[in-house]
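>>> Below are the sequence and a predicted model for it; my questions follow.
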Amino acid sequence: MNPNLNLWLIPILPLAGAAINGFFGKKSSRRAVNTIALFFSGAAFAMALWIAARWSALSLPYQEFLAHWIRAGSFTVDFTFYLDQLSLVMLLVVTGVGFLIHVYSVGYMHDDPGYYRFFSYLNLFMFFMLTLVLAGNYLQMFIGWEGVGLASYLLIGFWFTKDSAAAAGKKAFIVNRIGDFGFLIALFLLIKHFGSLNFDRVFSATSPMPAETAGAGLLTAIGILLMVGACGKSAQIPLYVWLPDAMEGPTPVSALIHAATMVTAGVYMVSRSHVIFERAPGALMVVAIIGTLTAFFAATIAIAQTDIKKVLAYSTVSQLGYMFMACGVGAFSAGIFHLMTHAFFKGLLFLAAGSVIHAVGGEQDMRKMGGLRRKIPWTFWSMTAATVAIAGIPGASGFFSKDEILWRSYQASWVYWLVGVITALITSFYMFRLWFMTFFGEYRGEAGATHDHMAHGEHGHGGIHESPRVMLVPLVILAVLSLIGGYIGVPGSLGGSDHFDKFLGPVFHSSAPANAGSEAVGEKGVTERTTEGPEPKTGASTELMFTGISVCAAFLGFGLAWLLYYRNPQLPNKIAASLSGGYQTLVHKYYIDELYGALFVRPLINGSTRFLWHDIDQGVIDAAVNDAGEGAWHVSDEVRHMQSGNIRSYAGWIAAGAAVVIAFMIWIGVGR
Amino acid sequence: MVPLSYYLLLSGFLFSCGVLGFLIKRNIITIFMSIELMLNGVNLSFVAFAAHWHALAGQIFVFFVMVVAAAESAVGLAIIIAVYRTRETLNVDQVNLLKL
Amino acid sequence: MNFHLIMFLAFAAVCVGGAVNLLAQRHPINSALSLIAVMGALAGEYLLLGAEFVAAVQVIVYAGAIMVLFVFVIMLLNAGVEQETKGSRVAILLGVPGVLIGGVLVGWVVLRQSGTTDVAIDALPGPPKEIAELLFHNFLLPFEVTSILILIAIMGAVVLASKPEAKPGKVE
């Protein structure tokens, strides 16, 4: 049997760190605070590694029961933990990248007065994220889900004295909540129809059900509702609007939460629920369409952004779209593969961007950067590695994961593939645009004087300087991972044996529905990539051709960026001027925020102010209380005239009262 | 043989006259006398009922009523004198300081 | 028409007349005298019912002591004719109808209940001996309590009616 792994320790350790730093950090020294934070998150990472080391000794899936929780009649939910290959991948990514970002933050947040608070929140986030990943039932996952939303709110609005930061935190939380509403309804449906939220029970109850190819049924509804929740958490259309605003938070927060871990929770959740999705082709199609649309949409916005972090934010939304596209065509392991590589290179991109911002003294506008590659070489080379990875240049990790997704989506529909390739071109373009604008050409900024920016306070030295070593080491580690991390998923057509897909095989491959026909988009129960599906539009040579096309797209994007931002730097402005309508739309993000504001936010606020506040709260509730008081006053004002001091009037009242009493007593028959 | 109701009617009449006097009159002393009239009316009804039911306790009660009436009139008249000293009037309408 | 009824009606007429006169007179001394007349007539009524002791006490205590006290006070305070001050509307509007209605109702009930039940003349003799036995055996406690009540009343009356002493040399 399975040894007891004490999985519950993995989330609890960072929680302990958060508590200690939260309660005692204010009076502790910087060293104490970061020792506590690093120790507890590092301990979680060490436990994850230890579990990985003992992997072969475990029989999977591994489930652990911690304590009773809810007993309501026949419905029970307990604190349980669940470990299988999928959880292990997520666990390693979350703890590993999380720990590296903790290390980075020691340097980045060094001068911030809220130092201890930052690390407390960061550890708290780790706790919730690990609860989400290791949960054994949907309700516990939901705790983690909501908790990471909370941590995100706290961390985005970390510099809460700044209005825009506080507003961004609020926006993130509220938009997330909208998605959570869908998630909750899905939970209710699960409870109603399956009587449990435990993964084991739900999935074993769902497995024998046939795929709902003939119209929408229960599983389609659950799937779509789960996807609504994922849209909120993972910033897909229509609930992506919080992610760009979330760049108000410190850069390590953007790296951890909005690149590597929290936003991937949606992808994880959809993959975990693959049993449900595989039996609901309608829901899967919705997932794929949303993912594809979002990928393209966000990429187009990123072309025109000038803030380095905003480019990366829209890039994250776009890459998440790829992951959902993969899940939507049934290629769940491809989606998770891309999740992993994305954690590496996007986390690195954000950390490096933070290093750049630190170097130029707080400036985030790329138009004011340039020519930095000689001055901050370590940052430059790490960022290059990440850019190469995300653009899909062959050899780096992003190439393998993105290519896998494109290949699998082609097998569902060429439309997905075409949009995916175009998006890959755009991705390559805007990433290299960022690269050229930041590191090449002449320096267009004003650093040299000391700038005062939020995380760094006053520097005594002027000029552009490289970041301290504590910030550079995580950059280098992530750069190495971005380059070599893809090699565990090399497809067969290129000579590899796709270890990743095989590793996740037991999770995804044995769950296809019984009536999977040629239209169903489930994993076909194969581990060899060359013998898929009844119609072989596949074949190693076809795959290689498509790979070639994606590579061409990547290089084309690089070439365009080189042309516009290195060779002829005046050209972009001319193009923008001539296409000004389209350009303005892109810069203003298709005016979606304004649209939401007009459609939802303002009417809600107006309605709430006018109706709920003035009419109901002040008009009804307050008025009821006030009028009750005033009424009592008026009544007593009338009644007081009875006490006039005049004896005769008292006697008059008594006589009248006596007459009434006598009459009453006669009437009810006393003494009859 | 006089019907009992005659006695009771007389008693009720005396009582009503007492109350009317209390309501109509303005002199404190006259009001006091109306109170005595009320008490007398009640006494009559006590004695009448005692005779009707052959219970001597009714007459004893009359005795007590008289004693209480005596005490009360003594004190009440003393109060009237005290009020007269301060307010210089015997008109009850002018002794109305205890008002809201 | 029997003797009992005639005597009853005679005394009753005096009572009624005295009561009405009490209301009608404007000078309090006239009201006091008519009240004395009422009390005398009531003593007669008591005798008709056989309550000798009560009748005697009525004359001695009520008519003889209490009313005398009233007359003394009237003369002491030199009460004059009643002034016509604007009284209380409530007393007239609410009180008088209230009294009248109450009285009528009570009368109606009385007539209905015991319309023809007769009471004989001298129905319940109440000689002092019987009264005393009842008073000092069964009603001893109320008797003692009322004596204390009288004591308190005396003291209260003395205190209330005494002239306030002028204390020379006391600065307020």
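That came in fine, so what should we check first? Quick caveat, the model's predicted, so the values are computed rather than measured.

>>> okay, and for the chain, where does confidence drop off?
Since you didn't name a chain, this refers to chain A. In the predicted model, chain A carries pLDDT under 70 at residues A:1-2, A:214-215, A:446-463, A:492-497, A:509-539, A:670-672.

>>> hmm, I had chain B in mind actually
B:100.

>>> Longest helix in it, by number of residues?
As assigned by DSSP state H, the longest helix anywhere in chain B is helix B:57-87.

>>> in chain C, what secondary structure element scores lowest on mean pLDDT?
The helix or strand of chain C with the lowest confidence, counting by mean pLDDT, DSSP states H and E, is helix C:89-90 at a mean of 72.

>>> does any bit of it sit next to chain B?
No: residues of helix C:89-90 are not located near chain B by C-beta under 8 Å from any C-beta of the partner chain, the shortest gap being 9.5 Å. From N, CA and C alone the C-beta is placed, and that goes for glycine too.

>>> need the next SSE after that helix, C-terminal direction.
Sequence-wise, the next helix or strand downstream of helix C:89-90 (DSSP states H and E) is helix C:96-114.

>>> quick check: mean pLDDT across that following helix?
Averaging pLDDT along helix C:96-114 yields 88.

>>> which outside residues touch that helix?
If you take C-beta atoms under 8 Å, 6 or more residues apart in numbering or on different chains as the criterion, helix C:96-114 is touched by A:652, A:655-660, A:662-663, A:666, A:671, B:3-5, B:8-9, B:12-13, B:15-16, B:19-20, B:23-24, B:52.

>>> Among those, which lie within helices?
Counted as lying in helices by DSSP H, out of the contacts of helix C:96-114, are A:652, A:655-660, A:662-663, A:666, B:4-5, B:8-9, B:12-13, B:15-16, B:19-20, B:23-24, B:52.

>>> So which bits of chain C are right by chain A?
Applying C-beta under 8 Å from any C-beta, we find that chain C lies next to chain A at C:87-99, C:101-102, C:105-106, C:109, C:113.

>>> Tell me the buried residues within the residues you listed.
Buried members of the residues of chain C next to chain A, scored by 16 or more other C-beta atoms under 10 Å in any protein chain shown, are C:87-88, C:90-91, C:94-96, C:98-99, C:101-102, C:105-106, C:109.

>>> which of the residues you listed sit farthest apart?
Taking C-beta to C-beta, the two most distant members of these are C:87 and C:109; they sit 31.1 Å apart.

>>> the longest helix in chain A is where?
Assignment by DSSP H gives helix A:163-194 as the longest helix of chain A.

>>> Residues touching whichever helix or strand comes after that one, excluding its own?
Downstream of helix A:163-194, the first helix or strand assigned by DSSP H and E is helix A:199-206. Residues outside helix A:199-206 that contact it (C-beta under 8 Å, 6+ apart) are A:61, A:63, A:82, A:136-138, A:190, A:194-196, A:219, A:272, A:275-276, A:279, A:511.

>>> mind checking how far the residue nearest the centre of chain A is from residue A:617?
By C-alpha atoms, centre = their mean, the mean C-alpha position of chain A lies nearest to residue A:263, the distance being 2.0 Å. Taking C-beta to C-beta, to the nearest Å as the measure, residue A:263 falls 37 Å from residue A:617.

>>> which parts of chain A sit against chain C?
So chain A meets chain C at A:644, A:646, A:648-649, A:651-660, A:662-663, A:666, A:671 (C-beta under 8 Å from any C-beta).

>>> Can you tell me the closest non-neighbouring residue to residue A:393?
residue A:554 (5.5 Å; C-beta to C-beta, 6 or more residues apart in numbering or on different chains).

>>> Where does the one you found sit, in terms of helix or strand?
Assigned by DSSP H and E, residue A:554 belongs to helix A:540-562.

>>> List of residues touching whatever helix or strand comes next after that helix?
Remark: after helix A:540-562, the chain's next helix or strand is helix A:571-578, criterion DSSP H and E. Applying C-beta under 8 Å, 6+ apart, the contact partners of helix A:571-578 are A:304, A:563, A:564, A:565, A:583.

>>> next helix or strand past helix A:571-578?
Next along the chain after helix A:571-578, taking DSSP H and E as the criterion, comes helix A:580-587.

>>> Tell me the spacing between whichever residue of chain C sits closest to chain A and chain B.
Among the residues of chain C, residue C:95 lies nearest to chain A; the distance is 3.0 Å by C-beta to the nearest C-beta. Distance of residue C:95 to chain B, computed by C-beta to the nearest C-beta, to the nearest Å: 4 Å.

>>> helix, strand or coil for residue A:264?
helix (DSSP: H, G, I helix; E, B strand; the rest coil).

>>> give me the number of residues near it?
Around residue A:264 sit 32 other residues, with neighbours defined as other C-beta atoms under 10 Å in any protein chain shown.

>>> so what's it closest to, chain neighbours aside?
Distances taken as C-beta to C-beta, 6+ apart put residue A:339 closest to residue A:264, at 5.0 Å, once the chain neighbours are dropped.

>>> in which helix or strand would I find the one you found?
Assigned by DSSP H and E, residue A:339 falls within helix A:332-359.

>>> just checking, what packs against the next helix or strand after that helix?
Counting by DSSP H and E, the next helix or strand C-terminal to helix A:332-359 is helix A:377-391. The contact analysis (3 or more C-beta pairs under 8 Å, 6 or more residues apart in numbering or on different chains; DSSP states H and E) places helix A:377-391 against helix A:332-359, helix A:397-412, helix A:414-439, helix A:469-484, helix A:540-562.

>>> among the ones you listed, which is the most enclosed?
Highest mean neighbour count of the helices and strands packed on helix A:377-391: helix A:332-359, a mean of 28 (counted as mean count of other C-beta atoms under 10 Å in any protein chain shown).

>>> residues in contact with stretch C:42-58?
Against stretch C:42-58 from outside (C-beta under 8 Å, 6+ apart): B:2, B:7, B:10, B:40, B:43-44, B:47-48, B:50-51, B:59, B:62-63, B:66, C:4, C:7-8, C:10-12, C:14-15, C:39, C:59, C:63, C:119, C:121-128, C:131.

>>> ok, for residue 143, nearest residue in space, not its chain neighbours?
Here I'm looking at chain A. residue A:131 (5.9 Å).

>>> sorry, should have said chain C
Nearest to residue C:143 is residue C:135, by C-beta to C-beta, 6+ apart, at 5.8 Å.

>>> Show the contacting residues for that neighbour.
B:60, B:63, C:143.

>>> Kindly report the same for residue A:322.
Going by C-beta under 8 Å, 6+ apart, residue A:322 touches A:291, A:295, A:335, A:338, A:402, A:405, A:420, A:423.
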